[in-house]
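Asker: coordinates only, sequence not included:
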């Protein structure tokens, strides 16, 4: 079904893509729309004393200006929102918590006038102590950024229990205990441990965020560049005290997301301004504002692993601090996923993790491609290599010895099925010709050679949102038009074509004749969100079942029409006929016309079940797992610290690939983003202010950053479930490169990114060791 | 304000505009040509690439008034009844994911192939280094440019006939 030319088809909308005719969220406009801009806090933590908007209000073209106090005074609304904790005010109330926190919103007849007005608004602040480091901020006695014990502060939005630590900045503490960790370490012959860090990183979608909001009476309509329209609808319903049905959100194509467009972002500000002005209001971010809105969690981690002399991994302990910024966003869930993600794809008898989601006075951090795993893999897979060295065992063999197989129990208590980690690892290692000399301790003369080559390996597991739900509907009308209703947002993964292919597989209607519309929460069936690499799997399931549902209805009608049994019928190319009798061929629409039906629909609801107990951290973390490994070969220039990636080969378990080229693109894209994380991506702060909020100072990979030989394996197996793969390779890359460096120099770099300075320091350390 | 004529996709357009307007702003807001896009606003990312007298330029850094007297080609002007060979190659090799950078990539690729009809992989990487793709479609874009080069070369009339 999958390994045929059938899955190598072009995108259905190729013409629009190459002629510049895709309309993204930022291209949308409405007649009479006004333009919104915000004044942002220049302080990381401060009390708001006074706001003077009088000069700005007098500027011709300024329509309205709102502050947090105005929102607080409006008793018809609730000014706080958030996907898991309702801690984020639409506009800062009483105090600001990060440099960039929106304080005042201005709406004007043009963007230029709104921008001018910002400079005429004067805000008086009283500075407060600020915390920027996630470990320091978590300690007792640190200045509190929120009151985490206030009961109104806890949202019911999370599908798991949130466990804050009172009187601290820890808004969620995920913990899990499996076995007896002390006993485990006492049994161990060899122990390795280390402290690691990963920095804040930015998503940098090519298209920024854009929203247009409009109230029509009591009905709120939005166009939003969001990956999660149903979640946003719920948040707005809570803010405005409306029924979700009174809010409709349409989503056009997005120019990239990578997690930055998940959950509520610009919508509340645009909506409140639309309500007050009774006009459509557009709110979009400038590029520098993107860095002030949502980023990736920096993580400080501490891990300890214990092994028997034969290489059996007996104990592992992890302490993780996820800096979530000034507002939690989905941080509590990120800390949870990182918590169980730190187990890695291994059998471990004794495991303990404490994963803290910590407020800091920095821009909020949220969902980012690779979701929590990149940061823990950086530590976890590094220590596997360190242990291999200490044990005198090949790092590949050490991993294979402990790797999860189907039937093994994961420390959460769930039994793993369809475990392909061994296959992934072996393919990745083979691709770089992993040999004995690649991991044996090297000895060098005191002067290191100008260049050193080395290889590195890594393997990870990553979960997908569990529980979750996707619904789909597919309509055929009497004119023969086929419309697929599904709310997966096209952020570059090619979902509209892929889902049309799923429908086409069942109904045998050409995939490019199946129309897929912009999702609209008023019409399109429910989907949790486009995240977690869940859509090919979950929406693929919903679309397949909805198509089957329609197929059965069509077969019922056809059986009557042709006066044969259903098994004597066959669908082909949008037609139906009695098997082996081409003269009977009729278009599907004929069945509707004959029965005087305008429309025939297929529907389906597809769910996965599970979840983790908030107290024990155990249960079902993921209904199935994203699995991958990578082999890399690098060359270090010991004079400059620059690294060439000679070869990079991820081996990813795909289960079943829907669209071959799209799957290859997603895998390569995830790998390349991993290259960025490895070498240069870091949001740099000074006293909480972002110093590199532009694409000259924050670099993302270009053509010149491609590994010299980039290839991959997408592993498919018969009858396998479709596995998402948009994220899987990213978390592998930084640590595999870090492992290669450690193999080359005998020195472990513990902090990302692997800048030339950091690599040179490791080179110096290696030289020092060899003297 | 200045009144001038801009030649956009082969058509002369007379308009009045502020001298501070960038070519990108004018293309998008006055002519509804949304293929040229703004990501960085500082000439780094190439999403705003247009062809000025056949050369790839960042329209976010160009004042519209500087384009007077030159030919301006945007992605919308490329296809006639059929897609241009570079566009076709991008479709066949699927040289895109979200496609936001695609117009810029295609126009820059056209400029490359005009200068260098038989580019090596390194030639392609260096020439297109100013066109960023966050989705990371680079490998397939290289394949698309190679395919377009082949197609264009095979379409060349033989010189010594």
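Answerer: Ah, there it is. All figures in this text were calculated on a predicted structure; none of them were measured in a lab.

Asker: State the three-state secondary structure for the residue of chain A at minimum distance from chain B.
Answerer: As assessed by Cβ to the nearest Cβ, chain B sits closest to residue A:20 within chain A, at 2.3 Å. For every residue, glycine as well, the C-beta is placed using N, CA and C. Counting by DSSP: H, G, I helix; E, B strand; the rest coil, the backbone at residue A:20 sits in coil.

Asker: State the number of residues packed around it.
Answerer: Residues near residue A:20, counting by other Cβ atoms under 10 Å in any protein chain shown, number 24.

Asker: Can you give me the neighbour number for the residue lying closest to it once chain neighbours are set aside?
Answerer: Spatial nearest neighbour of residue A:20, excluding adjacent residues (Cβ to Cβ, 6 or more residues apart in numbering or on different chains): residue B:35 at 2.3 Å. Number of residues near residue B:35 (other Cβ under 10 Å) recorded here: 25.

Asker: What of the one 10 residues further on?
Answerer: Close neighbours of residue B:45, defined as other Cβ under 10 Å, add up to 28.

Asker: so it sits right up against residue B:129, yeah?
Answerer: No. At 11.0 Å, residue B:45 does not count as touching residue B:129 under the criterion of Cβ atoms under 8 Å.

Asker: List, one by one, the residues from the stretch 201-350 of chain A near chain B.
Answerer: The stretch 201-350 of chain A comes close to chain B at residues A:204-208, A:253-256, A:258, A:286-287, as judged by Cβ under 8 Å from any Cβ of the partner chain.

Asker: let's see 10 Å
Answerer: Contact residues, the stretch 201-350 of chain A versus chain B (Cβ under 10 Å from any Cβ of the partner chain): A:203-208, A:253-258, A:286-288, A:290.

Asker: Pick out the most distant pair among these.
Answerer: Farthest apart among those by Cβ to Cβ are A:253 and A:288. That separation is 24.0 Å.

Asker: Of these two, which one has the most company?
Answerer: Set residue A:253 next to residue A:288 and count neighbours by other Cβ under 10 Å: residue A:253 wins out with 23 against 15.

Asker: Just to check, that one is in contact with residue A:493?
Answerer: No. Judged on Cβ atoms under 10 Å, residue A:253 makes no contact with residue A:493 at a distance of 11.5 Å.

Asker: Run through the residues of the stretch 451-600 of chain A sitting next to chain B.
Answerer: A:490-494, A:497.

Asker: where are the low-confidence patches of chain B?
Answerer: Scanning chain B for pLDDT under 70 picks out B:157-161.

Asker: Find the centremost residue of it, please.
Answerer: Per Cα atoms, centre = their mean, the C-alpha nearest to the average position across chain B is that of residue B:107, at 2.3 Å.

Asker: okay, now residue 103: neighbour count?
Answerer: You didn't pick a chain, so chain A it is. By the criterion of other Cβ under 10 Å, residue A:103 has 23 neighbours.

Asker: That was the other one, I meant chain B.
Answerer: Residue B:103, neighbours per other Cβ under 10 Å, totals 31.

Asker: Please apply the same query to the one 5 residues further on.
Answerer: By other Cβ under 10 Å, the residues close to residue B:108 number 26.

Asker: if we can go back for a sec, which neighbours do residue B:45 and residue B:129 share?
Answerer: Common neighbours of residue B:45 and residue B:129 (criterion: Cβ atoms under 10 Å, 6 or more residues apart in numbering or on different chains): residue A:702.

Asker: who does the residue nearest to the residue nearest to the centre of chain B when sequence neighbours are not counted bridge with?
Answerer: Spatial nearest neighbour of residue B:107, chain neighbours left out: residue B:49 (5.0 Å); criterion: Cβ to Cβ, 6+ apart. Note on residue B:49: beta-bridge partners by DSSP bridges are residue B:58.

Asker: ok, which stretches of chain B are strands?
Answerer: For chain B, the strands defined by DSSP state E occupy B:2-8, B:11-17, B:49-52, B:55-58, B:71-73.

Asker: next one: stretch B:4-17 to chain centre, how far?
Answerer: Between the centre of stretch B:4-17 and the centre of its chain there are 18 Å (Cα atoms, centre = their mean, to the nearest Å).

Asker: Can you give the contact residues for it?
Answerer: Contact with stretch B:4-17 is made by B:1-3, B:19, B:21, B:23, B:25-27, B:29-31, B:33, B:50-51, B:53, B:63-65, B:67-78, as judged by Cβ under 10 Å, 6+ apart.

Asker: coming back round to it: for the residue nearest to the centre of chain B, which residues are in contact?
Answerer: With Cβ under 10 Å, 6+ apart, residue B:107 has these contacts: A:20, B:35-36, B:46, B:49-51, B:56-57, B:73-75, B:77-78, B:86, B:131.

Asker: Quick check: the gap between it and residue A:473.
Answerer: Per Cβ to Cβ, to the nearest Å, residue B:107 is found 39 Å from residue A:473.

Asker: since we're on the residue nearest to residue B:107, how many residues are nearby?
Answerer: Here the number of neighbours of residue B:49 (other Cβ under 10 Å) works out to 30.

Asker: what do you get for residue A:302?
Answerer: Residue A:302 - counted by other Cβ under 10 Å - has 16 other residues nearby.

Asker: Likewise for residue A:60?
Answerer: 8.

Asker: Doesn't residue A:222 lie inside a strand?
Answerer: Yes. Assessed by three-state DSSP, residue A:222 belongs to a strand.

Asker: which residues does the single nearest residue of chain B relative to chain A contact?
Answerer: At 2.3 Å from chain A, residue B:35 is the closest residue in chain B, using Cβ to the nearest Cβ. By Cβ under 10 Å, 6+ apart, the contact set of residue B:35 is A:18-22, B:27-28, B:47-50, B:74-78, B:102-104, B:106-107.

Asker: and if you look at residue A:40?
Answerer: A:92, A:96, A:98-104, A:118, A:123, A:289, A:292.

Asker: bridging residues for it?
Answerer: With DSSP bridges as the rule, residue A:40 is bridged to residue A:102.

Asker: What spatial separation is found between it and residue A:769?
Answerer: For residue A:40, the distance to residue A:769 (Cβ to Cβ) stands at 48 Å.
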